[in-house]
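J.: Got a predicted structure plus its sequence, pasted below:
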Amino acid sequence: MDIQPNYKIVLRRENSEKDLMIIDHLTEAEANKVFKNLQYPTIHGGYVKVYFFKDMITRKSEIK
């Protein structure tokens, strides 16, 4: 398990590269917890949560 704060979670609209919310300087355990539990109202279309490790996308998931 990596204990360096190299992880971040980003919230974006579907098909967009613009970040709406950034949660950074997370450890691996913190990032996994945030990614799993992040919720956002989807009244005006879909959103995507993106999991980064050292500025590389490692996971992406739609929020429904």
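T.: Ah, there it is.

J.: what residues are up against the most centrally placed residue in the chain?
T.: Centroid-nearest residue in the chain: Ile9, 2.8 Å away (criterion: CA atoms, centre = their mean). By CB atoms under 8 Å, 6 or more residues apart in numbering, Ile9 lies in contact with Ile22, Ile23, Asp24, Leu26, Ala31, Val34, Phe35, Leu38, Lys49, Val50, Tyr51, Phe52. Where C-beta positions appear, they are placed from N, C-alpha and C, glycine not excepted.

J.: Okay, and the beta partners of it?
T.: Beta-bridge pairing of Ile9 under DSSP bridges involves Ile23, Tyr51.

J.: Quickly note the distance from it to Glu17.
T.: Distance of Ile9 to Glu17, given as CB to CB, to the nearest Å: 16 Å.

J.: quick one: secondary structure of Ala29?
T.: Of the three states, Ala29 takes helix according to DSSP: H, G, I helix; E, B strand; the rest coil.

J.: Apologies, that question was intended for Val34.
T.: helix.

J.: Number the residues from 185 up from this point.
T.: Yes, from this point I'll number from 185; that puts the last item at Val218.

J.: That one contacts His209, doesn't it?
T.: No - using CB atoms under 8 Å, Val218 makes no contact with His209, being 11.5 Å away.

J.: who has more neighbours, those two?
T.: More crowded of Val218 and His209, by other CB atoms under 10 Å: Val218, with 16 against 12.

J.: show me the contacts for that one.
T.: Ile193, Ile207, Leu210 are the contacts of Val218 under CB under 8 Å, 6+ apart.

J.: Before I go, just wanted to say thanks for your time.
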